[in-house]
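Colleague: please work out how this folds:
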Amino acid sequence: MGKYEKTLSDPIHEIEIKKTYTTIIENIQSLNLNNRRKLDELIGTNIKNLEIETKPRLIIFEVDQDKKENIHLMKLRDRLSDKRLILKYKTSN
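Modeller: Numbers count the residues shown, from 1 in each chain. Okay, here's the model as predicted:
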């Protein structure tokens, strides 16, 4: 995560990431797909104001409910905070 965060914070990488996202957004807008409206709601219509979040988030899917206090998850929580660590727990059948 530290390496990823450093990469996101690097000004050279930031330019390339913005360029790539701008291309993707322009492609979605030009195709006029159903998700264009949702995209416009999320980022607005002016992609020149696009910003890169340099603090990455980690999403872990299928976490067992009884693993909430797992030592590894606790370490991640300490390092990333609850805002940046997103746990999706398994649903019971």
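
Colleague: which one is the residue most central in space within the chain nearest to, not counting chain neighbours?
Modeller: Relative to the mean C-alpha position of the chain, the nearest C-alpha, by Cα atoms, centre = their mean, is the one of Arg57, at 5.6 Å. Nearest residue to Arg57, sequence neighbours excluded (Cβ to Cβ, 6 or more residues apart in numbering): Arg84, at 4.8 Å. For glycine as for every other residue, the C-beta is placed from the backbone atoms N, C-alpha and C.

Colleague: surely that neighbour is in contact with Ile60?
Modeller: No: contact criterion Cβ atoms under 8 Å: Arg84 and Ile60 do not qualify, at 11.7 Å.

Colleague: those two: which is more packed in?
Modeller: Remark: of Arg84 and Ile60, Arg84 carries more neighbours, 17 against 14, as counted by other Cβ atoms under 10 Å.

Colleague: phi, psi of the more buried one?
Modeller: phi -100, psi -10 (degrees, to the nearest 10).

Colleague: in the protein, which helix is the longest?
Modeller: helix 11-31 (DSSP state H).

Colleague: what residues sit buried inside that one?
Modeller: Ile25 (16 or more other Cβ atoms under 10 Å).

Colleague: next structured bit after that helix?
Modeller: Once the chain leaves helix 11-31, the next helix or strand it forms, by DSSP states H and E, is helix 36-43.

Colleague: and the protein, what are its domain boundaries?
Modeller: 1-49, 57-93 (automatic domain parsing).

Colleague: mind listing what's buried in the shortest one?
Modeller: So the one you mean is domain 57-93. So for domain 57-93, counting by 16+ other Cβ under 10 Å, buried means Leu76, Arg77, Leu80, Arg84, Leu85, Leu87.

Colleague: nearest to Ser30, of those?
Modeller: Closest approach between the buried residues of domain 57-93 and Ser30, by Cβ to Cβ: Arg84, at 33.0 Å.
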